[in-house]
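Trainee: Kindly generate the corresponding structure for this input.
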Amino acid sequence: MLQPRTVIASFTLLALGAALLLWARDSALPWVVLGLLLGLGLQSRPSQSNSASAILEHLGAGMLLINGCNRIEWVNPMGCRLWRTSSDCLLGQPLPSSAIELDSLIESVRKQPHTIHIGEFALPENRIGRAVATALPTKSVISVILLIEDISVSKAMDRLKTDFMTSVSHELRTPLTSVLGFTKVVRKKLEETLLPKLTDDNDPKSRKTIGQVRENLLVVQQESQRLTEIVNTVLDLMNLESGQVVWRQEQVAITEVLTAALAEAQSLFAAKELSITLDLDPSLPKITGDPIRLQQLCWHLLTNAAKFTEQGGLTCTASLNRDSQHPKVLLQFRDTGIGIAASEHSVIFEKFRQLGDVLTNKPKGLGLGLPISLAIVKHHGGELWVDSDLGEGSTFFVSLPITGSELVQG
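Mentor: Next comes the predicted model:
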């Protein structure tokens, strides 16, 4: 049985750590561990325990303790307010049926008790909540601590931003397409008819002017092409998030998809003289999915490696992972690039996030490749994560179910 002071003290520092995790992600992990250790040491300190209790009572986020029987053992006032009810209606009861997503989150915590888990769930009155879950081990079972907050407003703002970006992108695409098309026509006409006649002129100024016209038109064409690609990428992500993408479902050989994506990205590695090593299991079974989107996923991960690698190269592997109950195809993209700090492992999958300081460093892309990749992987019922240290290169992992049973309908 947990001692009240142990729970209160652990809750306090865990609350601080989890709150930081909501905004600072990995930087809060030391606080979480510290909360467990110090919580056990504060049982004999009533004054500190009272202070901890006061902090929890006035915490701006809801907190719950879920025991081994999946019943609510403790809840703070904000937790009651988020569910629009009293503690008497929650204590000793299972989580509200509307928050069914929390059941899988709690199960994940018990399977991986040393990891912080984050998920979204439904709150009453059509609101959306976010939960940070962590384990509180006892002698017999693993209790789970939940820190919850109402993110309905931020979700609504995010939808507004998505609608705005979609509208602006659509408005930009038409004129950009026109600019790009007319620039190609002008270049072709000049090269075929006008410039050959002018080059017969021996005037140095004329030849210099002709050269400048050629270079300027090439820049206009290249930049128009780049802007068009950016607009198309933004629209692609917006469509993925809004569910407006038509997904294909067919049997896909992942090695063929990876090879096709590599052929598209080959020039990026060749330009930097980077090596590419392939280790693909030819006996891999096929998976159910959208071959075009899966190729897009591989292309984004390949080009991402090329952008952030200056020396060395990339190793791609495709193998069968039998560690889980349901075998999965495991893809690995291991580069020798600049690496990623641990504090940025989660934020790199957010929209428009760039590594480092974008004010002092030239951004290498728009920051949408990884969010698009994550959306594609999630649709296929898979997982995408990274293992990296700053200056040590990065390895991106993609795990995809072999059968279509786990395919998420979008």
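
Trainee: Run through the strands of the protein in chain order.
Mentor: 62-66, 72-75, 117-123, 127-137, 142-150, 250-252, 275-280, 287-289, 313-321, 328-335, 383-388, 394-401 (DSSP state E).

Trainee: what distance separates the third one from the centre of its chain?
Mentor: So that's strand 117-123. 16 Å (Cα atoms, centre = their mean, to the nearest Å).

Trainee: Could I get the buried residue list for it?
Mentor: 117, 119, 121, 122, 123 (16 or more other Cβ atoms under 10 Å). Heads up, the C-betas are built off the backbone N, CA and C, glycines and all.

Trainee: Show me what the second one is bridged to.
Mentor: Just to be clear, that refers to residue 119. residue 131 (DSSP bridges).

Trainee: Go ahead and confirm it touches residue 131.
Mentor: Yes - in this structure, residue 119 is within contact of residue 131 by Cβ atoms under 8 Å, at 5.6 Å.

Trainee: Quickly list what's touching both of these two.
Mentor: 102, 105 (Cβ atoms under 8 Å, 6 or more residues apart in numbering).

Trainee: From the buried residues of strand 117-123, pick the one nearest residue 393.
Mentor: Closest approach to residue 393 among these (Cβ to Cβ): residue 117, at 27.0 Å.

Trainee: Now do the contacts for the closest residue to the closest one other than its chain neighbours.
Mentor: Sequence neighbours aside, residue 133 is the residue nearest to residue 117 in space, at 4.5 Å (criterion: Cβ to Cβ, 6 or more residues apart in numbering). By Cβ under 8 Å, 6+ apart, the contact set of residue 133 is 102, 105-106, 108-109, 116-119, 144-147.

Trainee: give me the number of residues near residue 75?
Mentor: By the measure other Cβ atoms under 10 Å, the count of residues near residue 75 is 24.

Trainee: Enumerate the beta-bridge partners assigned to it.
Mentor: residue 64.

Trainee: Look up the pLDDT of it for me, please.
Mentor: Residue 75 is assigned a pLDDT of 90 by the prediction.

Trainee: My guess is it contacts residue 64. True?
Mentor: Yes - if you go by Cβ under 8 Å, residue 75 and residue 64 touch, sitting 4.9 Å apart.

Trainee: Need the overlap of contacts for these two.
Mentor: In contact with both residue 75 and residue 64: residue 90, using Cβ under 8 Å, 6+ apart.

Trainee: related to what we said a few turns ago, distance check, the residue nearest to residue 117 against residue 147.
Mentor: 8 Å (Cβ to Cβ, to the nearest Å).

Trainee: cool, and residue 278?
Mentor: For residue 278, the distance to residue 147 - Cβ to Cβ - is 44 Å.

Trainee: ok, which stretches of the stretch 301-410 of the chain are helices?
Mentor: 369-379 (DSSP state H, counting those that start in this stretch).

Trainee: Out of the strands of the chain, which gets nearest to residue 241?
Mentor: strand 117-123 (13.8 Å).

Trainee: Dump the closest one to PDB, restricted to CA.
Mentor: What follows is strand 117-123, C-alpha atoms only, in PDB (Å, rounded to 0.1, in the frame of the first residue of the first chain):
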ATOM      1  CA  HIS A 117       4.100   8.500 -22.500                       C
ATOM      2  CA  ILE A 118       2.000  11.200 -24.100                       C
ATOM      3  CA  GLY A 119      -1.500  10.900 -25.700                       C
ATOM      4  CA  GLU A 120      -4.700  12.700 -26.500                       C
ATOM      5  CA  PHE A 121      -8.100  11.800 -25.300                       C
ATOM      6  CA  ALA A 122     -11.700  13.000 -25.300                       C
ATOM      7  CA  LEU A 123     -13.100  15.200 -22.500                       C
END
